[in-house]
Structure formats: structure tokens, C-alpha cells
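*Asks:* sequence and predicted model, in that order:
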Amino acid sequence: MLSFLLFTLVANLVAVSVVGGFEALTGLFGMSHWVDYAFAIVLTLWAISAFTLSWQQRDNDLEAGVTYAARTAELTTDPSLFLKFFLAGLPAFILCVVVAFSSYTLAV
């Protein structure tokens, strides 16, 4: 459990630095509120989660051409990596939902 919390913390810190650095360098997304950054972090972590899931499924489909490198890579990859990235994005997602509903009720 502690290793998962550490993974979540590190994944979120890396995502914050990547999203913040990209926005500071380019200004492409025009983020003006911290909730925008939280939403971008959710999208980043869940996109990585989707890519790891599709990569694992692709590796499972390539059973015919199994090589030594493929067997070694299979031993070193974590089968629950996509789930870890998905769950690492949940705190930022919950923050986005809470802020969205709290600002909605305050505006009415």
C-alpha cells in the first residue's frame, strides 16, 4: 500500500511538472486556474494508463513471434501498471469534480 501511495505521489508530481512546464513554455492551452492544471493532469495520467493497457494487450496478441527479448520484457513489465496510472489520476479527478460542484452551488 505504501508503494502504491509513493507511486501515486511521484506520478502526480511528474505530471504536474510536465503539464506546468509545457504550459509555461508554450501557453498553448491558456490555463488560468489551478483546476485547469488538475484536469490536464487527469488527462495526462489517464492517457498514459490507456497506452499501457493497449501496449499490454498488443504484447499478449503477439504470441507467435516470442523472442528472448519479448520474454525478458514480459518479465520486467508490471501487469497492473495501467491500473496504477488510472488510480493515480483519481485524486486530481475528484478535486475537479468537487470544485465543479462547489462552484456551481455557490454561483446559484
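*Replies:* Arrived safely, thanks for sending.

*Asks:* flag the shaky bits of this protein, pLDDT-wise.
*Replies:* The chain contains residues with pLDDT under 70 at 56-77, 103-108.

*Asks:* list the buried residues in the helix or strand encompassing Ser54.
*Replies:* Ser54 is part of helix 34-61, with elements assigned from DSSP states H and E. For helix 34-61, a neighbour-count test (16 or more other Cβ atoms under 10 Å) marks 35, 37-42, 44-46, 48-49, 52, 56 as buried. For every residue, glycine as well, the C-beta is placed using N, CA and C.

*Asks:* ok, now stretch 88-101?
*Replies:* For stretch 88-101, burial by neighbour count (16+ other Cβ under 10 Å) applies to Ala88, Gly89, Pro91, Ala92, Phe93, Leu95, Cys96.

*Asks:* all helices of this protein, in order?
*Replies:* 2-26, 34-61, 68-76, 81-88, 90-107 (DSSP state H).

*Asks:* what's near enough to touch the residue lying closest to Thr52 once chain neighbours are set aside?
*Replies:* Spatial nearest neighbour of Thr52, chain neighbours left out: Phe82 (4.2 Å); criterion: Cβ to Cβ, 6 or more residues apart in numbering. Shown in contact with Phe82 (Cβ atoms under 8 Å, 6 or more residues apart in numbering): Ser49, Ala50, Thr52, Leu53, Gln56.

*Asks:* mind putting those into CSV with distance to Phe7?
*Replies:* CSV is the format used below for the contacts of Phe82 (distance: Cβ to Cβ, whole Å):
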residue, distance to Phe7
Ser49, 12
Ala50, 17
Thr52, 13
Leu53, 16
Gln56, 17
